[in-house]
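missing the sequence, but the structure's below:
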């Protein structure tokens, strides 16, 4: 039981570091990660590339740790303010 709790904490710490390394803001749960970042409209395409790179890195990290990213549950949302 103690080992499982340690593994979850290590997993969360690595996901936080990966998301943070892309200058994005993570909101982490044991089995879920939300990534967000604010941008002006002119930076939207750069932000999209940053998020995609982050998802790729998280997916590679998960694969190297015998975990799998569920792409069916992956979604994005853009909110624009006028």
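All right, it came through fine. This is a predicted model, so every value here is computed, not measured.

any idea of the mean pLDDT in stretch 22-30?
What stretch 22-30 shows for mean pLDDT is 84.

start at 46 instead
Sure thing, new numbering starts at 46, so read that last one as stretch 67-75.

Now tell me what touches that stretch from outside.
Outside stretch 67-75, the residues within contact range by Cβ atoms under 8 Å, 6 or more residues apart in numbering are 53, 56-57, 60-61, 64-65, 78-82, 95-96, 98-99, 102. Any C-beta I mention is one placed from the backbone N, CA and C, and that applies to glycine too.

Try it again at 6 Å.
Residues outside stretch 67-75 that contact it (Cβ atoms under 6 Å, 6 or more residues apart in numbering): 53, 57, 60, 61, 64, 79, 80, 81, 82, 95, 99.

Residue 84: neighbouring residues, count only.
Neighbour count of residue 84, defined by other Cβ atoms under 10 Å: 13.

What strand or helix carries the residue nearest to it when sequence neighbours are not counted?
Using Cβ to Cβ, 6 or more residues apart in numbering and skipping the chain neighbours, the partner closest in space to residue 84 is residue 92 (4.3 Å). Using DSSP states H and E, residue 92 maps to helix 89-109.
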